[in-house]
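>>> model this:
(one chain, ligands or ions: 2)
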Amino acid sequence: TPGPTSANSAVATDATAIVNIASLVTNDPSLGEGTPLGLIRDAAVVIEGDRVVWVGGSSKAPATDNRIDAGGRAVIPGFVDSHSHLVFAGDRTAEFNARMSGRSYSAGGIRTTVAATRAASDEELEANLVRYLDEALRQGTTTFETKSGYGLTVEDEARALRIAARHTDEVTYLGAHIVSPDLADDPAAYVALVTGEMLDACAPHARWVDVFCEKGAFDGDQARAVLTAGKAKGLVPRVHANQLTYGPGVQLAVELDAASADHCTHLTDADVDALAAGSTVATLLPGAEFSTRAEWPDARRLLDAGVTVALSTDCNPGSSFTSSVPFCVALAVRDMGMTPDEAVWSATAGGAAALRRTDIGRLTPGARADLVVLDAPSHVHLAYRPGVPLVHRVLRAGRTVAG
Ligand code: NIG
Ligand code: FE
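Ligands and ions are numbered 1, 2, ... in the order given. Got it, this is the predicted structure:
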């Protein structure tokens with residue numbers, strides 16, 4: 001007899017069914033109610049190995065040996081945190097304190113973390129990374145991107161990427177975070193290093209190339225040089241753009257077909273039009289505005305223009321020391337004009353789009369079985385109950401990794 005013709009027609013009996021899900025976010029509007037979430041009420045998900053093989057109504061779930069009763073909780077795809085800076089040492093409590101008494105944020109604080117990171121051993125850096133990854137995992141993050149950018153020498157950037165690559169496929173070369181303090185009086189020499197010897201040492205360990213295009217960091221021409229050199233080595237661009245001031249970053253990102261323009265806090269109409277016309281995702285990072293007391297990015301304006309929006313943490317010791325995607329979802333809903341549905345989509349499918357991934361950020365047959373069981377009947381509670389630990393259980397690639 002022929003084997004199963006589709007994932008839905010038969011599942012192996014050693015599959016696991018998660019049943020009695022009050023509401024399931026699939027992120028496929030063809031499978032359930034509502035665009036963009038494709039919500040199924042009273043749902044089940046069936047997992048075989050590391051993949052989702054079936055989703056649908058709980059009463060129609062195929063027979064399986066293993067069953068998990070979700071107890072009327074909500075299930076969403078694991079969060080995809082497409083922007084973090086987790087290879088660092090030390091912290092910047094004093095700088096945060098000064099800001100909260102009225103100082104403003106500037107890129108200069110990055111130097112404090114560069115000094116601490118250079119002084120740390122590989123073991124210290126990796127232990128620090130693992131600590132924040134575990135923290136993120138417990139809050140529902142099943143995929144994360146992370147960057148170099150606190151080494152700023154050939155050796156220190158390459159080791160940051162090597163350490164990061166032991167823990168994620170989504171590794172970004174950010175040698176162009178700021179001009180290295182060693183070459184502060186010769187930015188052109190530093191750009192030459194970043195696009196030359198440092199790139200050669202770093203490219204084998206990274207998928208992405210990034211640049212902080214901002215006053216006090218790199219201007220449009222320097223940013224273009226960094227991104228085009230990275231592209232020539234097979235890296236795909238993403239850009240820290242328009243965070244602290246208006247500038248060329250967003251339009252450069254679209255022009256070079258960057259996967260994502262990140263921050264997007266200060267946008268002209270031309271910037272929004274460029275994003276709407278291109279395929280670059282706008283990744284919003286409200287933890288940074290929270291922690292620098294800056295104005296919020298206007299998610300509503302971007303969504304209304306048809307731009308794909310991702311939401312991520314930007315977790316780093318300077319501008320956004322949170323590993324919590326749920327916190328960012330709550331901020332985006334309260335202060336950036338997003339609906340809870342839009343914010344949850346942006347933190348899952350949006351993050352996947354920003355990483356050009358189709359295997360994550362959705363719960364549909366064939367997707368990686370990355371999912372979060374919430375201690376709540378609906379994903380809306382992530383914004384409705386801010387600050388409450390609502391993550392009940394986390395599965396990554398079909399295995400329970402938290403809860
Ligand atoms: O994304 N903007 C540049 N980089 C980080 C901040 C890094 C830091 O302050 O240490 C950001 O906000
Ligand atoms: Fe960042």
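
>>> what are the phi and psi angles of the residue of the stretch 251-400 of the chain found nearest ligand 1?
Closest contact between the stretch 251-400 of the chain and ligand 1, by Cβ to the nearest ligand atom, is at residue 318 (2.2 Å). Where C-beta positions appear, they are placed from N, C-alpha and C, glycine not excepted. When read as degrees, to the nearest 10, the backbone of residue 318 gives phi -100, psi -70.

>>> residues contacting it?
92, 95, 105, 109-110, 112-113 (Cβ atoms under 8 Å, 6 or more residues apart in numbering).

>>> tally of neighbours for residue 219?
Neighbour count for residue 219, taken as other Cβ atoms under 10 Å: 14.

>>> from memory it sits against residue 213, does it?
Yes. Contact criterion Cβ atoms under 8 Å: residue 219 and residue 213 qualify, at 7.3 Å.

>>> joint contacts of those two?
By Cβ under 8 Å, 6+ apart, the residues touching both residue 219 and residue 213 are residue 248.

>>> narrow the contacts of residue 318 to those in helices?
95, 110, 112-113 (DSSP state H).

>>> which of these count as buried?
In those, burial by neighbour count holds for 95, 110, 112-113, counting by 16 or more other Cβ atoms under 10 Å.

>>> quick one, strands of the stretch 51-200 of the chain?
Under the criterion DSSP state E, counting those that start in this stretch, the stretch 51-200 of the chain contains strands at 51-57, 66-77, 79-81, 141-147, 170-176.

>>> most packed of those strands?
Among these, ranked by average contacts under mean count of other Cβ atoms under 10 Å, first place goes to strand 79-81 (a mean of 32).

>>> got a markdown table for the strands of the stretch 51-200 of the chain, with mean pLDDT and distance to ligand 1 too?
Output for the strands of the stretch 51-200 of the chain, formatted as a markdown table (pLDDT from 0 to 100; distance: least, Cβ to the nearest ligand atom, whole Å):
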| stretch | mean pLDDT | distance to ligand 1 |
| --- | --- | --- |
| strand 51-57 | 97 | 32 |
| strand 66-77 | 97 | 24 |
| strand 79-81 | 99 | 13 |
| strand 141-147 | 98 | 9 |
| strand 170-176 | 98 | 8 |
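
>>> just list the residues touching residue 300, thanks.
For residue 300, the contact set (Cβ under 8 Å, 6+ apart) comprises 336-338.

>>> adding neighbour count and distance to residue 61, write those out as JSON lines.
Converted to JSON lines, the contacts of residue 300 look like this (neighbours: other Cβ atoms under 10 Å; distance: Cβ to Cβ, whole Å):
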{"residue": "336", "neighbour count": "24", "distance to residue 61": "37"}
{"residue": "337", "neighbour count": "17", "distance to residue 61": "37"}
{"residue": "338", "neighbour count": "26", "distance to residue 61": "32"}
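
>>> can you list the domains in this structure?
Residue ranges for the domains of the chain, per automatic domain parsing: 16-78+361-402, 80-354.

>>> pull up the distance across the last one, start to finish.
Which is domain 80-354. 9 Å (Cα to Cα, to the nearest Å).

>>> leaving out the residues flanking it, which one is nearest to the residue of the stretch 51-200 of the chain found nearest ligand 1?
Ligand 1 sits closest to residue 110 of the stretch 51-200 of the chain, with a gap of 4.4 Å, by Cβ to the nearest ligand atom. Ranked by Cβ to Cβ, 6 or more residues apart in numbering and with sequence neighbours excluded, the top spatial neighbour of residue 110 is residue 178, at 5.0 Å.

>>> and residue 246, what element?
Assigned by DSSP states H and E, residue 246 falls within no helix or strand.

>>> what's the distance between it and residue 220?
12 Å (Cβ to Cβ, to the nearest Å).

>>> just give the nearest non-adjacent residue to residue 366, would you?
Residue 366 sits nearest to residue 51 (Cβ to Cβ, 6+ apart), 6.4 Å away.

>>> can you check residue 59 too?
residue 42 is the one closest to residue 59 (Cβ to Cβ, 6+ apart), at 7.5 Å.

>>> how many residues are close by the one you found?
Neighbours of residue 42 (other Cβ under 10 Å): 14.

>>> for the stretch 201-350 of the chain, what lies in contact range of ligand 1?
212, 240, 243, 288, 314, 316, 318-320 (Cβ under 6 Å from any ligand atom).
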